[in-house]
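> fold the following for me, if possible:
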Amino acid sequence: MKFKTLLLCILAVLGMLQQLQAQDTEAGATSAYGLPRTADFDRVSAGIHVGASYLFSDFLKGSGGNNNRYLNQGMFLPAFGLSAQYQITHSIGIRGRGMFTRFEGYDDEYLNKFDSEGSPIDSLKKWPVKYSTAVNEGTLELVYNFGNISFLNRNKNFHLTTSLGIGFFGFDTDVRRDSASTAVERSSGKITELMIPFSFGFKYNINKISIGAALEYRKTFSDNVDATRKVNSETDNYAMFTIGVHYTFGKKNKAMEWVNPMEVVYNDIADLKEKIDIVSGDKDKDGISDLFDKDNNTPEGAKVYGDGTAIDTDADGIIDINDADPFTPKGVKVDALGQELDTDGDGVADSRDLEPNTPPGAVINFQGITLAPPGEYGAGGIFGNDGANGDSSATGYAEAGGAGASGTSGVAGRGTGYLPSVFFDMGSSSVKSIYHDRLLTIARAMRANPNIKLKIIGNCDSSGSVEENIRLGQRRAENIKQHLTSHYGIDVARIRTESKGKNEPVAKSLNPMNRRVDFTLE
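Modelled structure (predicted):
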């Protein structure tokens with residue numbers, strides 16, 4: 001009756017603990033950092049146990065033997081049972097368990113040296129005798145998990161465990177002359193006694209299932225488990241070796257028993273440190289912290305936007321630091337260097353080329369239109385005011401033998417035959433990069449037509465004295481000449497320079513148009 005009452009108490013306690021876990025689950029979400037909350041973990045598990053038991057009884061071995069010669073008298077018999085456990089903390093759990101086993105032992109010489117009260121008797125009756133009983137036990141234990149003491153060099157799937165608790169066990173022992181005899185020499189009667197369970201073992205975790213083994217000892221307060229009492233004898237204690245399989249219930253998929261709380265804290269600290277390192281770090285040295293940097297591999301020296309991506313002014317897909325022309329018109333196709341494509345190789349980019357299929361070697365203007373077909377310069381193909389040698393500030397290719405008007409020239413009917421002028425900033429003689437493509441066009445035409453000679457005429461706006469502007473115009477012309485000879489290898493003998501100063505303005509109110517260099521083919 002006591003045993004059944006104990007089991008009912010264990011089940012009631014486990015039911016209340018399960019209800020507490022359900023309330024913890026509803027308590028709320030976990031904070032991002034700090035000690036883990038109990039509601040974040042699964043805490044209830046159940047197990048099945050099998051093993052073997054052995055009783056340390058008072059049976060003697062032989063008339064001259066001493067007490068408790070256990071291995072010669074006792075028997076290892078199967079034991080099995082069920083358990084339920086609730087994890088109170090990461091290291092401590094409470095376990096209720098019920099087990100069933102049997103105790104058996106024998107004395108192959110004699111029994112009745114002592115009577116049922118443990119007093120010696122005079123007559124010795126020698127015969128083989130055997131005791132046996134079925135045993136039921138129920139225990140309530142605190143289980144301590146050593147695996148969560150430290151997180152250093154720890155196997156997260158392996159724990160050493162120990163347990164200590166209180167329990168009851170029931171037995172009804174009979175002593176018979178031999179295993180075949182039905183005559184009962186002595187009986188303990190149905191008894192339920194208090195005992196203290198202790199165990200030491202290990203567990204190994206595989207997802208929601210853990211497997212463990214334990215060596216267990218039961219300290220009883222009875223000397224009558226084998227139905228034999230002796231004066232000054234020890235109590236009849238027993239031991240078990242068990243193997244258990246446990247399953248953890250819950251939807252969190254994180255059993256509290258297998259999580260070290262300090263490891264969680266240290267992981268949070270490591271995560272925060274990593275984020276601090278990211279905030280303070282700048283791998284590519286672009287001035288944008290790695291946490292906010294969308295491109296941590298921008299080239300050294302590249303200018304970047306606020307998000308750490310390299311600036312691409314013309315949005316052509318080539319960042320400015322690698323872009324040979326960072327100001328290409330929007331939407332045009334560029335090569336790997338960021339320069340606009342020039343399909344026919346005439347020096348005029350496709351987006352500005354009005355004649356995209358110019359034959360190689362043709363003399364063209366800044367719009368890519370042919371001024372003279374390849375090899376035809378000097379045969380009446382290019383001319384200026386005199387209609388013969390092109391001695392003019394503007395030249396062109398005339399279809400059907402037509403000549404350009406004074407100060408103008410071009411393909412008949414088109415008005416597109418001008419060689420492009422190059423413009424300068426106020427007071428400057430430096431050649432701006434935006435005009436390099438125009439100079440390339442002129443250089444290609446001269447290299448393809450070796451008879452062409454070029455006159456470069458420098459001009460200035462109306463500011464400054466006549467003498468100053470003559471010198472400035474000459475410097476502008478000389479710098480253009482130097483660009484053509486040094487970069488494209490044009491023979492110096494084929495180029496002549498001249499300065500008009502401020503004497504020949506093309507626009508009265510637009511001074512930027514007067515700060516220029518014009519070209520004439522000779």
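> how near is G473 to E355?
In this view, G473 and E355 are 32 Å apart by Cβ to Cβ, to the nearest Å. (Glycine included, C-beta is placed from N, CA and C.)
> out of these two, which sits in the busier spot?
Neighbour count, other Cβ atoms under 10 Å: between G473 and E355, G473 has more, with 27 against 18.
> quick one: secondary structure of that one?
helix (DSSP: H, G, I helix; E, B strand; the rest coil).
> and it, what does it touch?
457-460, 499-501 (Cβ atoms under 8 Å, 6 or more residues apart in numbering).
> looking at this, T162 is in a strand?
Yes - assessed by three-state DSSP, T162 belongs to a strand.
> count of residues packed around it?
By the criterion of other Cβ under 10 Å, T162 has 15 neighbours.
> give the bridge partners for it, please.
Note on T162: beta-bridge partners by DSSP bridges are Y144, F200.
> quick one: it and F146 touch, right?
Yes - assessed by Cβ atoms under 8 Å, T162 is found in contact with F146 at 7.4 Å.
> what do these two both touch?
With Cβ under 8 Å, 6+ apart, T162 and F146 have no common neighbours.
> quick one: the strands in the stretch 201-350 of the chain, in order.
According to DSSP state E, counting those that start in this stretch, the stretch 201-350 of the chain carries its strands in the segments 209-220, 237-249.
> re the thing from before, got a ChimeraX select line for the buried ones in the contacts of G473?
Command for ChimeraX that selects the buried part of the contacts of G473, burial taken from 16 or more other Cβ atoms under 10 Å:
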select :457,458,459,460,499,500,501
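> C-terminal to the helix or strand of the chain with the lowest mean pLDDT, what's the next element?
Least confident helix or strand, the chain: strand 396-397 with a mean of 35, by mean pLDDT, DSSP states H and E. Proceeding N to C from strand 396-397, the next assigned helix or strand is strand 422-423, under DSSP states H and E.
> C-alpha coordinates for stretch 442-453, CSV please?
The C-alpha trace of stretch 442-453 is given here as CSV (Å, rounded to 0.1, in the frame of the first residue of the first chain):
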residue,chain,number,x,y,z
ILE,A,442,43.3,64.6,-85.7
ALA,A,443,46.3,62.4,-84.9
ARG,A,444,44.7,59.4,-86.6
ALA,A,445,43.9,61.4,-89.7
MET,A,446,47.5,62.7,-90.0
ARG,A,447,49.0,59.2,-89.5
ALA,A,448,46.7,57.8,-92.1
ASN,A,449,47.5,60.6,-94.6
PRO,A,450,51.2,61.3,-94.4
ASN,A,451,50.9,64.3,-96.9
ILE,A,452,48.8,66.3,-94.5
LYS,A,453,50.4,69.2,-92.6
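> quick one: buried residues of that stretch?
442-446, 448-449, 452-453.
> what does stretch 156-165 give?
Buried-residue list, stretch 156-165, by 16+ other Cβ under 10 Å: 159, 161, 163, 165.
> same question for stretch 501-520.
For stretch 501-520, by 16+ other Cβ under 10 Å, it's 501-502, 505, 514-520.
> returning to that earlier point: from the contacts of G473, which single one is nearest L77?
G458 (118.0 Å; Cβ to Cβ).
> is it fair to say that closest one lies in a strand?
Yes - the assignment for G458 by three-state DSSP puts it in a strand.
> report pLDDT for it.
The model reports G458 with a pLDDT of 96.
> correct me if wrong: it contacts R471.
No - G458 is beyond contact range of R471, at 9.5 Å (criterion: Cβ under 8 Å).
> name the residues contacting each of these two.
S499.
> pLDDT below threshold where in the stretch 351-500 of the chain?
By pLDDT under 70, the weakly predicted segments of the stretch 351-500 of the chain are 361, 366, 371-418.
> turn the buried residues of stretch 156-165 into CSV, including pLDDT.
Conversion of the buried residues of stretch 156-165 to CSV gives the following (pLDDT from 0 to 100):
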residue, pLDDT
H159, 87
T161, 94
S163, 96
G165, 96
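> nearest to S421 among those residues?
Lowest distance from S421 to the buried residues of stretch 156-165 (Cβ to Cβ) belongs to H159, with 87.5 Å.
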